[in-house]
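Peer 1: Okay, sequence plus prediction incoming.
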2 protein chains.
Amino acid sequence: MRAKIYIRYKDGILDPQGTTVGHALNSMGYDAIHDVSVGKFIEMNFNDVTKEEAERLTDESCRKLLSNPNTESYKFEIVED
Amino acid sequence: MRAKIYIRYKDGILDPQGTTVGHALNSMGYDAIHDVSVGKFIEMNFNDVTKEEAERLTDESCRKLLSNPNTESYKFEIVED
């Protein structure tokens, strides 16, 4: 069992890395690209848990450690493989 | 049109941030979690391009700027919204 977690800045929160990457792409000639945001992509694996348990553990991990509740939002999916 | 890009370390490449997060979660009592990896989740928007053009631009952006070809692999999807 595996979780894929996507963390991004909330709307309205300044994302300096995203802004910098967007400017870099524009200056390389990619003019059609705008509004770049850079967040985190976290994967973690589980030993012997049900899908419901994995969802609970992932949500708790996001709230208690992985994301900053003031500035970031998260989504995740549980993959069985 | 929007691209969602997922960048992670290739297998075998040391991921110190992932290791640290995994240890932190274990020490918080989440013993079922192991093998944590921390990568990047990048979103970017496009002006007036076809889906094929967006795929090409995203792939080029990943190869030329966003990912490190020595240590990282990337996947992306194009979302029409």
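Peer 2: Now that the structure is in, tell me what you want to look at.

Peer 1: hmm, the lengthiest strand in chain A in reach of chain B?
Peer 2: For chain A, the longest strand by residue count, based on DSSP state E, is strand A:33-46. Yes. Using C-beta under 8 Å from any C-beta of the partner chain, strand A:33-46 reaches chain B at A:33-46. From N, CA and C alone the C-beta is placed, and that goes for glycine too.

Peer 1: Can you tell me what sits against stretch A:44-54?
Peer 2: A:1-3, A:5, A:57-58, A:61, A:78, A:80, B:22, B:25, B:31-37 (C-beta atoms under 8 Å, 6 or more residues apart in numbering or on different chains).

Peer 1: From these, list just the buried residues.
Peer 2: A:1, A:3, A:5, A:57-58, A:61, A:78, B:22, B:25, B:32-33, B:36-37 (16 or more other C-beta atoms under 10 Å in any protein chain shown).

Peer 1: pLDDT and distance to B:Pro16 added to these, as a markdown table?
Peer 2: Output for these, formatted as a markdown table (pLDDT from 0 to 100; distance: C-beta to C-beta, whole Å):
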| residue | pLDDT | distance to B:Pro16 |
| --- | --- | --- |
| A:Met1 | 95 | 24 |
| A:Ala3 | 98 | 20 |
| A:Ile5 | 98 | 18 |
| A:Leu57 | 97 | 23 |
| A:Thr58 | 98 | 22 |
| A:Ser61 | 98 | 18 |
| A:Ile78 | 98 | 25 |
| B:Gly22 | 97 | 11 |
| B:Leu25 | 98 | 15 |
| B:Ala32 | 96 | 22 |
| B:Ile33 | 97 | 17 |
| B:Val36 | 97 | 11 |
| B:Ser37 | 97 | 11 |
